[in-house]
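Visitor: From the sequence below, what's the structure:
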Amino acid sequence: MIGKLFLEREARLSRGDRGCRICGVPSHPMSETLGLCLNCIRTHPNEALRLGQSVHAESRQAFDLPPATPQETDGLQCVLCSRQCRITEGKRGYCGLRTVCDGRLIHLGTARRGVLQWYRDPLPTNCVADWVCRGSRQLGYHNLAVFYASCTLNCLFCQNWHFREVSVPPSAGISAEQLADAADPSTFCACFFGGDPASQMPHALAAGQRLAAKGVTVCWETAGTSHPKLLDRAVELSLASGGCIKFDLKAYDEVLHLILTGGSNRQTLDNFARAARRFEERPDAPLVLASTLLVPGYVDAEEVGQIARFIANLNRRIPYALLAFAPHFYMPDLPRTSTRHALEAERAARIAGLLDVRIANRHLLSEDY
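Guide: Residues are numbered from 1 along each chain as shown. Below is the predicted model:
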């Protein structure tokens with residue numbers, strides 16, 4: 001699965017080369033696969049981006065995904081997310097679900113066909129918003145968990161990377177109507193996540209509308225890269241049904257975000273601000289929440305403080321969850337988030353002005369650094 005990158009990493013380690021590929025200085029914690037320390041990412045952004053892009057390209061080729069955003073001048077443009085892919089005949093978009101055939105842009109992720117898995121998750125569950133959402137108090141009911149098998153980013157620390165192994169034959173998919181029909185009298189809420197629903201928003205919105213009509217609360221977990229007009233519809237659906245939209249704000253600094261996820265965070269921050277403007281329309285149950293994964297060695301208290309200041313400038317009452325990291329995907333050599341790291345991040349978020357900050361997944365915290 002990982003292949004060349006891990007062979008290169010092992011070769012570097014066998015030579016005793018454990019330092020950053022820019023400064024040469026060993027740093028702990030630091031991903032040996034990425035080979036970049038946080039200080040060099042911040043002080044040598046251009047060189048760090050060049051090295052980071054090569055890692056992303058290799059990681060995507062391992063799953064037969066485009067190594068970068070297709071931007072062919074004569075290609076057909078997909079506008080569903082911030083990638084704005086321009087795709088030529090026989091090629092695929094960044095998410096892997098858009099192709100061009102006979103001069104036409106072909107979509108998966110429409111109301112007719114969504115590429116996903118779903119299951120019933122008994123309430124209360126490990127929802128990012130569990131300390132403030134209504135679903136956490138609905139004993140005896142369940143959440144319809146909708147896991148979209150595609151994404152608009154390429155997080156090297158992805159906790160749910162297995163969606164990349166889902167095969168997508170031409171006949172794949174389940175319709176929005178079929179998904180909504182899975183709801184029964186014990187379905188209190190539905191949450192669209194993945195992967196990320198941004199790459200299949202037409203399907204998610206169509207299914208969500210049908211579920212809301214049945215009285216099901218509709219929620220989202222997303223990196224926020226969808227087209228702003230589609231984001232508006234998702235927020236409206238959650239507002240009307242009593243649900244929430246949970247934004248995964250992975251980093252504030254754009255260079256760090258690009259290196260960790262392979263994509264810009266500009267659309268994410270704009271969409272978050274767009275949704276946050278509606279926060280006070282339902283003061284009794286939070287409509288908008290934010291979370292950040294505390295990636296050891298990269299998403300430190302300084303980065304969390306910048307994210308928190310951004311949120312607080314929009315509304316200090318927006319809940320913010322700090323998530324503990326566990327080793328995964330292309331960063332298996334990193335330790336779990338330390339207790340010290342989590343507490344420093346929580347302190348930074350509160351100093352930035354946020355009123356409701358929570359350290360989640362505490363059972364994952366370590367004393368490793």
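Visitor: Strands of the protein, start to end?
Guide: 76-77, 86-87, 98-101, 104-107, 116-122, 142-148, 187-194, 217-222, 245-248, 288-294, 320-324, 357-360 (DSSP state E).
Visitor: With mean neighbour count as added columns, please give these in CSV.
Guide: (C-beta placed from N, C-alpha, C; glycine too.) Output for these, formatted as CSV (neighbours: other Cβ atoms under 10 Å):
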stretch, mean neighbour count
strand 76-77, 16
strand 86-87, 20
strand 98-101, 19
strand 104-107, 14
strand 116-122, 16
strand 142-148, 23
strand 187-194, 25
strand 217-222, 26
strand 245-248, 24
strand 288-294, 25
strand 320-324, 23
strand 357-360, 19
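Visitor: Let me see the domain layout of the protein.
Guide: 4-61, 76-107, 116-364 (automatic domain parsing).
Visitor: Most tightly packed of those domains?
Guide: Of all the domains of the chain, domain 116-364 carries the top mean neighbour count, a mean of 20, counting by mean count of other Cβ atoms under 10 Å.
Visitor: how long is it end to end?
Guide: 28 Å (Cα to Cα, to the nearest Å).
Visitor: Where does the prediction get shaky in the stretch 51-200 of the chain?
Guide: Counting by pLDDT under 70, the stretch 51-200 of the chain shows low-confidence ranges at 167-171.
Visitor: Grab the nearest non-local neighbour of residue 355.
Guide: Once flanking residues are discounted, residue 355 sits nearest to residue 316: 5.2 Å by Cβ to Cβ, 6 or more residues apart in numbering.
Visitor: Check whether the one you found really touches residue 352, as I assumed.
Guide: No - judged on Cβ atoms under 8 Å, residue 316 makes no contact with residue 352 at a distance of 9.2 Å.
Visitor: Could you tell me which residues touch both of these two?
Guide: Counting by Cβ atoms under 8 Å, 6 or more residues apart in numbering, residue 316 and residue 352 have no common neighbour.
Visitor: could I get the domains of the chain as a markdown table with distance to residue 67?
Guide: Formatted as a markdown table, the domains of the chain follow (distance: least, Cβ to Cβ, whole Å):
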| stretch | distance to residue 67 |
| --- | --- |
| domain 4-61 | 4 |
| domain 76-107 | 10 |
| domain 116-364 | 10 |
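Visitor: Which among these is found nearest to residue 68?
Guide: domain 4-61 (6.3 Å; Cβ to Cβ).
Visitor: ok so, going back, generate TSV for the strands of the chain, with distance to residue 39 as supplementary columns.
Guide: Shown next, in TSV, are those (distance: least, Cβ to Cβ, whole Å):
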stretch	distance to residue 39
strand 76-77	38
strand 86-87	36
strand 98-101	38
strand 104-107	43
strand 116-122	40
strand 142-148	36
strand 187-194	32
strand 217-222	30
strand 245-248	25
strand 288-294	18
strand 320-324	22
strand 357-360	25
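Visitor: Tell me which of the ones you listed lies nearest to residue 33.
Guide: Using Cβ to Cβ, the nearest of those to residue 33 is strand 288-294, at 17.0 Å.
Visitor: now the helices: where do they sit in the stretch 1-150 of the chain?
Guide: Secondary structure of the stretch 1-150 of the chain by DSSP state H, counting those that start in this stretch: the helices cover 4-14, 38-43, 45-61.
Visitor: what mean pLDDT would you report for the first one?
Guide: For helix 4-14, the mean per-residue pLDDT is 56.
Visitor: I'm done for today, thanks for sticking with me.
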